[in-house]
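**Student:** The following comprises the amino acid sequence and a computationally predicted model.
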Amino acid sequence: MTLKLQMLGTGSAFAKNYYNNNALFHDGDFTLLIDCGITAPMALHQLDLTFDDLDALLITHIHADHVGGMEELAFIMKMKYNRKIPLYIAEALVEPIWEHSLKGGLYQQGHISSLEDVFDVRPLKPGVKADISSGISVELIHTQHIPGKDSYSLYLNDRIFYSADMVFDPALLHKLVNERDCEFILHECQLQGPGEVHTTLDELLSLPEEIQERTYLMHYSDDVEAFIGKTGTMEFVEQQRVYEL
Ligand SMILES: O=c1ccn([C@@H]2O[C@@H]3COP(=O)(O)O[C@H]3[C@H]2O)c(=O)[nH]1
Ligand SMILES: [Zn+2]
Ligand SMILES: [Zn+2]
């Protein structure tokens, strides 16, 4: 089945010309939001969508450009739409996302005292495929980002790799393409400077042709236009554009 991808945003954490790197995957009339950053509420609004148009949320890791919109989502879902949206998240992040990111804003004595009070929490085990809808499956892949901070990339429908924020991992990309029939790689990309906690454009340019030709770049900084034509066979993903994968 054809899956549609529409990025709510394609910007890096501190980009100002692009919304946060959050994605909508559409399978028929089912809509999955991947990450819900600070800008997600406004980015949805720009597409004439509301939180009620979402069928599920999946979180890759706990940074504000990936979870900063969750407080608004949770309050609106509870107060306006009176429903709990399924929240797919690595089991290791269930406690930290509540204790370290959401509890401060969402806690209300007698009403909201746990993540389960506002979300239909669906913990995921890395390496174990889960069906999210009839046409969307996901397997979490634990990838490295910042020491001590768990971060999970995604393998969707056994053919689409969606990177979380991660340092360059060429062995993983080779394995996905050569052993697991990966057709599309949506990869975060830091355009300049040393990678440290991200994957740089120069690192991605070192990949062989057979990997680059299926790689699309996202999570980029405001100076992206200076890099158009300098990305080998890789293309930048455009926010709000609909892609069929
Ligand atoms: O050791 C560190 C920790 C953080 N940062 C910045 O903070 C940002 C947090 O969101 P992000 O993961 O999308 O991107 C990160 C980087 O821009 C960094 O450059 N080095
Ligand atoms: Zn990020
Ligand atoms: Zn991050």
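**Tutor:** Perfect, thanks for sending it. Ligands and ions are numbered 1, 2, ... in the order given.
**Student:** Contact partners for Lys149?
**Tutor:** The contact partners of Lys149, by Cβ atoms under 8 Å, 6 or more residues apart in numbering, come to 61-63. To be clear about C-beta, it is placed using only N, CA and C from the backbone, and glycine gets the same treatment.
**Student:** at 7 Å what do you get?
**Tutor:** Taking Cβ atoms under 7 Å, 6 or more residues apart in numbering, we find Lys149 in contact with His61.
**Student:** If it is in a bridge, with which residues?
**Tutor:** Ile146 (DSSP bridges).
**Student:** Report pLDDT for it.
**Tutor:** The model reports Lys149 with a pLDDT of 97.
**Student:** Up against ligand 1, what does the protein have?
**Tutor:** In this structure, the chain approaches ligand 1 at residues 12-13, 63, 65, 146, 165, 196-197, judged by Cβ under 6 Å from any ligand atom.
**Student:** Pipe those into a markdown table and attach pLDDT and secondary structure per row.
**Tutor:** Conversion of the residues of the chain next to ligand 1 to a markdown table gives the following (pLDDT from 0 to 100; DSSP: H, G, I helix; E, B strand; the rest coil):
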| residue | pLDDT | secondary structure |
| --- | --- | --- |
| Ser12 | 98 | coil |
| Ala13 | 98 | coil |
| His63 | 98 | coil |
| Asp65 | 99 | helix |
| Ile146 | 98 | strand |
| Asp165 | 98 | coil |
| Glu196 | 96 | coil |
| Val197 | 98 | coil |
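**Student:** So how do I select the buried members of the residues you listed in ChimeraX?
**Tutor:** When burial is assessed using 16 or more other Cβ atoms under 10 Å, the buried subset of those is captured in ChimeraX by this command:
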select :12,13,63,65,165,197
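**Student:** which strands and helices sit next to the longest helix anywhere in the chain?
**Tutor:** As assigned by DSSP state H, the longest helix anywhere in the chain is helix 170-179. For helix 170-179, the elements it packs on are helix 209-212, judged by 3 or more Cβ pairs under 7 Å, 6 or more residues apart in numbering; DSSP states H and E.
**Student:** Give the other helices and strands that the helix it packs on contacts.
**Tutor:** Here helix 209-212 is seen to pack against helix 170-179 when contacts are counted using 3+ Cβ pairs under 7 Å, 6+ apart.
**Student:** buried sites along the helix it packs on?
**Tutor:** In terms of neighbour count (16+ other Cβ under 10 Å), helix 170-179 has its buried residues at 172-173, 176-177.
**Student:** returning to that earlier point: using CSV, write out the CA atom coordinates for the longest helix of the chain.
**Tutor:** Output for helix 170-179, consisting of C-alpha atoms alone and laid out as CSV, is shown next (Å, rounded to 0.1, in the frame of the first residue of the first chain):
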residue,chain,number,x,y,z
PRO,A,170,27.1,4.0,8.1
ALA,A,171,27.0,0.3,9.2
LEU,A,172,23.3,0.6,10.0
LEU,A,173,22.5,2.2,6.7
HIS,A,174,24.5,-0.4,4.8
LYS,A,175,22.7,-3.2,6.6
LEU,A,176,19.3,-1.7,6.0
VAL,A,177,19.9,-1.3,2.3
ASN,A,178,21.8,-4.5,1.7
GLU,A,179,20.1,-6.9,4.0
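**Student:** Let me see the residues that make contact with that helix.
**Tutor:** Contact with helix 170-179 is made by 161, 182, 185, 207, 210-211, as judged by Cβ under 7 Å, 6+ apart.
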